[in-house]
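Asks: What follows is a protein structure lacking sequence information:
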């Protein structure tokens, strides 16, 4: 069963929400980040970058920097940009983009569910990143971006939420990326119990995005328990956005290779023929099915279909398959996470963008992957396995600073 908890969110005042809530700051280039900070005084990014415009700055990820983050957060509250809800609540959140709707619930999820394996992972986390974010949480006492969780469901959650989503939302705004955002607050006791009961019947939740945020929250909870701090504190929970798997859009991360190593083009194609049926194409294409790849190499497109594909277990994703059959044995790219010869572009409809990068001579080849399905993601998680880095580009992409989860509530 999934253990969820309502919380008193700290939220932007309605007239400023479209200015406050933002994409994650790591998605901005340095130039766009500077422009955002220059022209929008209300952006949540000012909290994460509290020394913007200062000549002397504290060291990134230092105690001093995190203290300044908390101070800037407090200033936003004092200035009336943020306000805290009076009652513990669940928050129904919807994104609408290109006609697709993502509808789910923002809530607290018990860290024990992660510890007990009821919140399942498909990606390995890095210890140093866990420690940095754990320290950030401990010193700022808030989390501003939920972990994205999912579960197999057709219409049950949507049917449960429909009476509430037919009412007027507390937020309804659009952002420059042409995404519409809607939020409903649920604080009536009977409705809180209905949602709690519904999620109690969900045996497992699956992390779609936010593995490090989740692991860091759990790490902090474990440390606080050792210090015998308040066992009922909200730090025993992490903020999550839970939505049905049917609402996810899972896109691939495509691979760009800077050089072919020891191979000339003809020799590389010959090597590929040992494991794949290699067919030259007339133009740009995407894989029609799993266990296939499309490759752009020296001004030509190819379809690569794995021979003996029936022997590949379901939990081996195409990203892992490409690593095992091409990147490691042929190109000697052994460290997928750090090898400088390998780059990634996530999303759909990227064939022409990948082609342009190869044509400019920046890369030698591009591989277009078929998207991972939720069933594959579930199979990997259920088997206790993990995917290679950059295997999934998942939507919705959540905003930072829309609902803030205070750990010392």
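Replies: Thanks, I have the structure now. Since we're looking at a predicted model, the values are computed, not measured.
Asks: going forward, measure contacts and count neighbours with C-alpha atoms only.
Replies: Noted.
Asks: what domains does the record give for the chain?
Replies: For the chain, automatic domain parsing gives the domain ranges 4-249+395-406, 253-391.
Asks: Throw these into TSV and include mean neighbour count and mean pLDDT, thanks.
Replies: Formatted as TSV, those follow (neighbours: other Cα atoms under 10 Å; pLDDT from 0 to 100):
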stretch	mean neighbour count	mean pLDDT
domain 4-249+395-406	18	93
domain 253-391	17	92
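Asks: Please name the nearest non-neighbouring residue to residue 249.
Replies: residue 395 (5.0 Å; Cα to Cα, 6 or more residues apart in numbering).
Asks: Could you pull up the residues touching that neighbour?
Replies: 248, 249, 250 (Cα atoms under 8 Å, 6 or more residues apart in numbering).
Asks: what sits against the first one?
Replies: Looking back up the chat, that one is residue 248. By Cα under 8 Å, 6+ apart, the residues touching residue 248 are 102, 394, 395, 396.
Asks: at 10 Å what do you get?
Replies: 100-103, 148-150, 208, 373-374, 394-396 (Cα atoms under 10 Å, 6 or more residues apart in numbering).
Asks: I'd say residue 28 and residue 36 touch.
Replies: Yes: the pair residue 28 and residue 36 qualifies as a contact (Cα atoms under 10 Å) at a distance of 9.1 Å.
Asks: intersection of neighbour lists for these two?
Replies: Contacts common to residue 28 and residue 36, judged by Cα under 10 Å, 6+ apart, are absent.
Asks: just curious, which of the contacts of residue 395 is nearest to residue 73?
Replies: Comparing these against residue 73 with Cα to Cα places residue 248 closest, at 31.3 Å.
Asks: ok, so what distance separates that closest one from residue 222?
Replies: Residue 248 sits 31 Å away from residue 222, going by Cα to Cα, to the nearest Å.
Asks: Over to the nearest residue to residue 7 once chain neighbours are set aside: give its phi and psi.
Replies: Excluding the flanking residues, the one nearest residue 7 by Cα to Cα, 6+ apart is residue 88, at 4.3 Å. Main-chain torsions, residue 88, degrees, to the nearest 10: phi -60, psi 140.
Asks: after the host helix or strand of residue 163 comes which helix or strand?
Replies: Using DSSP states H and E, the element containing residue 163 is helix 156-165. On the C-terminal side of helix 156-165, the closest following helix or strand by DSSP H and E is strand 171-174.
Asks: quick one: the strands in the stretch 251-400 of the chain?
Replies: In the stretch 251-400 of the chain, the segments counted as strands under DSSP state E, counting those that start in this stretch are 253-257, 276-281, 292-297, 300-306, 342-346, 365-369, 393-395.
Asks: returning to that earlier point: for the helix holding residue 163, packing partners?
Replies: Applying 3 or more Cα pairs under 10 Å, 6 or more residues apart in numbering; DSSP states H and E, one finds that helix 156-165 contacts strand 90-97, strand 100-110, strand 180-186, helix 189-200, strand 237-244.
Asks: want to throw these into a markdown table with distance to residue 265?
Replies: Converted to a markdown table, these look like this (distance: least, Cα to Cα, whole Å):
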| stretch | distance to residue 265 |
| --- | --- |
| strand 90-97 | 41 |
| strand 100-110 | 41 |
| strand 180-186 | 46 |
| helix 189-200 | 54 |
| strand 237-244 | 45 |
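Asks: So which residues make contact with the helix or strand in which residue 34 is found?
Replies: Residue 34 is part of helix 30-39, with elements assigned from DSSP H and E. The contact list for helix 30-39, computed with Cα under 10 Å, 6+ apart, reads 22, 25-29, 42-46, 49, 52-53.
Asks: how near is residue 299 to residue 267?
Replies: 16 Å.
Asks: go on, residue 282?
Replies: Counting by Cα to Cα - residue 282 and residue 267 are separated by 21 Å.
Asks: Ok, residue 95 next?
Replies: Taking Cα to Cα, one finds residue 95 at 48 Å from residue 267.
Asks: cool, and residue 67?
Replies: 57 Å.
Asks: One more: residue 398?
Replies: Taken as Cα to Cα, the span from residue 398 to residue 267 is 44 Å.
Asks: now residue 170
Replies: 61 Å.
Asks: Chain neighbours aside, what residue packs nearest to residue 183?
Replies: In space, and not counting its chain neighbours, residue 183 is closest to residue 93: 4.6 Å by Cα to Cα, 6+ apart.
Asks: Residue 74: which element?
Replies: helix 63-78.
Asks: no wait, residue 17
Replies: Per DSSP H and E: helix 17-20 holds residue 17.
Asks: now what about that helix, what contacts it?
Replies: Under Cα under 10 Å, 6+ apart, the answer for helix 17-20 is 11-14, 40-46, 81-82, 171-176, 181, 399-402.
Asks: repeat that with 8 Å
Replies: The contact list for helix 17-20 (Cα under 8 Å, 6+ apart) reads 12, 40, 42, 43, 44, 171, 173, 174, 175, 401, 402.
Asks: Which one of those is nearest to residue 144?
Replies: The closest of the contacts of helix 17-20, once distances to residue 144 are taken by Cα to Cα, is residue 401, at 4.9 Å.
Asks: Tell me which residues touch that closest one, please.
Replies: 11, 12, 20, 21, 22, 44, 144, 145.
Asks: So which of those belong to strands?
Replies: 11, 12 (DSSP state E).
Asks: Look up how far residue 319 lies from the nearest residue to residue 377 once chain neighbours are set aside.
Replies: Leaving out its chain neighbours, the residue that sits closest to residue 377 by Cα to Cα, 6+ apart is residue 122, at 6.8 Å. For residue 122, the distance to residue 319 equals 13 Å [Cα to Cα].
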